[in-house]
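In: just to be clear, the model below is a prediction. Sequence and coordinates:
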Amino acid sequence: MRVLVISDTHIPLRARTLPRIIYDEIEKSDLIIHAGDFTSPDIYYELKALKPIKAVFGNMDDPRLLDILREVEVFEIEGLKVGLFHGLGPPVGLEERVLQKLSNYGTFDLIIYGHSHRASYKVRDGIHILNPGSPTDTVFASRRTYAILEIRDGKLDVSIETID
């Protein structure tokens, strides 16, 4: 299974639309995961019309998205338990706050979050922890990014991709 992971798209505040490469990746993917801050409900509905989507509400999202999205999502992909949460507060200590919040929901194979606009990936105590960054914004990061998950036979391969 191939999964496109994005966050912090902030449309139309940071960009009018997603970069072309994101639409290309959607075509090649089986699922979209969005870690919050769509900003507008329009981009959520656009993505949902293209592929199945798992998503959470972000701190900058239009309140109308509260009727559709939750703060935390817990789900399985190919037998891997995933925790999805946007994040909150300043960049310093963000990962710890995400882990603390999700600890209330059990244990995970993969945790995905956003909020900082800075891509990162690590494995900590056997848990894959991913922030895909932002495909539209470089205010808080030096590059626009997204992530691709490849899941085969219960094994996870994660790549963070840069948008030129």
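Out: Yes, it's here.
In: got the contact list for the most centrally placed residue in the chain?
Out: Centroid-nearest residue in the chain: A35, 3.2 Å away (criterion: Cα atoms, centre = their mean). Shown in contact with A35 (Cβ atoms under 8 Å, 6 or more residues apart in numbering): 5-8, 55-56, 58, 84-87, 112-115, 131-132. For the C-beta atoms, the positions are set from N, CA and C on the backbone; glycine is no exception.
In: among the residues you listed, name the ones in strands.
Out: 5-6, 55, 84-85, 112, 131 (DSSP state E).
In: so what's V3 bridging to?
Out: With beta bridges defined as DSSP bridges, V3 has these partners: L31, L149.
In: quick check: it touching F75?
Out: No - contact criterion Cβ atoms under 8 Å: V3 and F75 do not qualify, at 11.4 Å.
In: one step back: now list the buried members of the contacts of A35.
Out: Members of those that pass the buried threshold by neighbour count (16 or more other Cβ atoms under 10 Å) are listed as 5-8, 55-56, 58, 84-87, 112-115, 131-132.
In: hmm, back to that, let me have the ones in strands among the contacts of A35 in JSON lines, extended by pLDDT and distance to P63.
Out: Converted to JSON lines, the ones in strands among the contacts of A35 look like this (pLDDT from 0 to 100; distance: Cβ to Cβ, whole Å):
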{"residue": "V5", "pLDDT": "98", "distance to P63": "25"}
{"residue": "I6", "pLDDT": "98", "distance to P63": "21"}
{"residue": "A55", "pLDDT": "98", "distance to P63": "15"}
{"residue": "L84", "pLDDT": "98", "distance to P63": "20"}
{"residue": "F85", "pLDDT": "98", "distance to P63": "19"}
{"residue": "I112", "pLDDT": "98", "distance to P63": "23"}
{"residue": "N131", "pLDDT": "98", "distance to P63": "24"}
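In: can I get those residues in TSV with distance to A141?
Out: Rendered in TSV, the data for the ones in strands among the contacts of A35 read as follows (distance: Cβ to Cβ, whole Å):
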residue	distance to A141
V5	15
I6	13
A55	21
L84	20
F85	19
I112	17
N131	10
